[in-house]
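K.L.:
from the sequence below, what's the structure:
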Amino acid sequence: MKKERNLLLIACFGIIAVLSVAFTSSINQVKLLPAKTFAQGENVEYRVHYGFITAGEATMRVNKSLGKVGSHPCFKIEVEGRTTGAFDKFLSIKDIWGTMLDTGMYHPLQSYRLIEEGNYRLKEIVNYDYPNKKAIVSHNEEKREVKLPGIVQDMVSGYYYFRLVDYSQLKVGDVINVTGMFEEKIYNLKVKYSGKERIKTKFGRINAIVLTPQLPENKLFDGENAVQFFISDDQNRIPLKIRAELVVGAVELDIKGYTGLKYPIKFG
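P.N.:
A predicted model of the protein is given here:
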């Protein structure tokens with residue numbers, strides 16, 4: 001039950017596809033863009049809804065100031081998800097997922113989760129020791145060690161990594177193999193580049209890159225292509241929409257506000 005509840009939260013607040021990720025490509029090596037697509041101080045807000053019913057809100061933000069892990073300068077990035085209205089009365093949720101992302105290599109040196117779900121509380125901090133291929137996980141008052149296959153991304157940094165991929169080098173149908181850690185386990189997923197689509201937002205229409213994670217068989221999502229991510233096909237590459245087909249109906253996350261983007265954004 002706890003596992004399915006966590007999956008639902010991930011779906012609602014737009015973190016499903018990445019589930020904890022390190023990226024290697026089945027088409028040799030993914031090429032990254034020469035310049036970052038995000039800036040310090042970027043803030044993007046989302047509405048989570050079932051049809052016309054708003055279930056919650058989510059915010060993705062990059063701190064205005066750089067942080068440090070050891071001697072390494074890092075972007076401090078957080079994703080916050082919270083329930084609203086009737087959903088908040090049914091099961092109040094306020095979750096914060098954070099990463100300290102290395103400014104040069106774009107992988108996390110530390111990640112954390114601050115979870116409040118009803119009466120459930122979790123404070124988790126993960127420190128990545130890449131030279132020794134291990135992660136030290138502080139889970140509430142306990143510490144555990146997890147072996148790593150190599151450099152990994154966490155659930156937040158994975159989003160920003162996808163924003164750096166040069167999709168002009170990919171063909172529709174190409175698949176990126178994804179390996180990573182979530183809740184102290186190593187996962188292997190596949191994310192398909194599904195081409196481009198012009199989508200509607202509250203600000204107008206805009207061209208978007210479409211990504212489709214190939215989900216393993218589960219009791220929450222309706223089929224292996226049940227989730228689609230839409231990121232802006234411009235210099236910003238901000239997440240615009242996530243659509244998830246659940247066995248109990250469709251959940252969508254849509255952009256509702258933004259400030260501090262690195263580049264101007266144009267809606268038609």
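K.L.:
can you give me the mean pLDDT across stretch 97-105?
P.N.:
Average pLDDT, stretch 97-105: 93.
K.L.:
stretch 209-216 too?
P.N.:
Computed over stretch 209-216, the average pLDDT equals 82.
K.L.:
point out where the stretch 151-268 of the chain drops to low pLDDT.
P.N.:
Counting by pLDDT under 70, the stretch 151-268 of the chain shows low-confidence ranges at 178-179, 215-224, 247-248.
K.L.:
could you redo the last one with a cut-off of 90?
P.N.:
For the stretch 151-268 of the chain, the stretches flagged by pLDDT under 90 are 151-162, 175-191, 212-228, 242-252, 268.
K.L.:
how about the helices in it?
P.N.:
For the stretch 151-268 of the chain, the helices defined by DSSP state H, counting those that start in this stretch cover 157-162.
K.L.:
show me where it has strands.
P.N.:
Applying DSSP state E, counting those that start in this stretch to the stretch 151-268 of the chain gives strands spanning 175-182, 185-201, 204-214, 227-232, 239-246, 249-259.
K.L.:
distance of the residue nearest to residue 45 when sequence neighbours are not counted from residue 155?
P.N.:
In space, and not counting its chain neighbours, residue 45 is closest to residue 257: 4.0 Å by Cβ to Cβ, 6 or more residues apart in numbering. Where you see a C-beta, it was placed from the backbone N, CA and C, and this is true even at glycine. The gap separating residue 257 from residue 155 is 22 Å, by Cβ to Cβ, to the nearest Å.
K.L.:
cool, residue 193 as well?
P.N.:
Applying Cβ to Cβ to residue 193 and residue 155 gives a distance of 20 Å.
K.L.:
between these two, tell me which one has more neighbours.
P.N.:
Higher neighbour count among residue 193 and residue 155: residue 155, with 24 against 21, using other Cβ atoms under 10 Å.
K.L.:
residue 177 is in contact with residue 188, correct?
P.N.:
Yes: Residue 188 is within contact range of residue 177, at 7.0 Å (criterion: Cβ atoms under 8 Å).
K.L.:
comparing these two, which residue is more hemmed in?
P.N.:
Taking neighbours as other Cβ under 10 Å, residue 188 and residue 177 compare with residue 177 leading, 15 against 12.
K.L.:
one step back: please work out which of the strands of the stretch 151-268 of the chain is packed deepest.
P.N.:
strand 227-232 (a mean of 24; mean count of other Cβ atoms under 10 Å).
K.L.:
now that one: how far from the chain's centre is it?
P.N.:
Remark: strand 227-232 is offset 11 Å from the chain centroid, using Cα atoms, centre = their mean, to the nearest Å.
K.L.:
then stretch 76-93?
P.N.:
Using Cα atoms, centre = their mean, the offset of stretch 76-93 from its chain centre is 16 Å.
K.L.:
now do stretch 163-170
P.N.:
Taking Cα atoms, centre = their mean, one finds stretch 163-170 lying 17 Å from the centre of the chain it belongs to.
K.L.:
and that stretch, C-alpha only, in PDB?
P.N.:
These are the backbone C-alpha positions of stretch 163-170, laid out as PDB (Å, rounded to 0.1, in the frame of the first residue of the first chain):
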ATOM      1  CA  ARG A 163      16.600  19.500 -20.400                       C
ATOM      2  CA  LEU A 164      20.200  19.400 -21.500                       C
ATOM      3  CA  VAL A 165      19.800  16.600 -24.100                       C
ATOM      4  CA  ASP A 166      20.300  17.600 -27.700                       C
ATOM      5  CA  TYR A 167      17.100  16.100 -29.200                       C
ATOM      6  CA  SER A 168      18.100  17.200 -32.700                       C
ATOM      7  CA  GLN A 169      20.500  14.300 -32.700                       C
ATOM      8  CA  LEU A 170      17.800  11.800 -32.000                       C
END
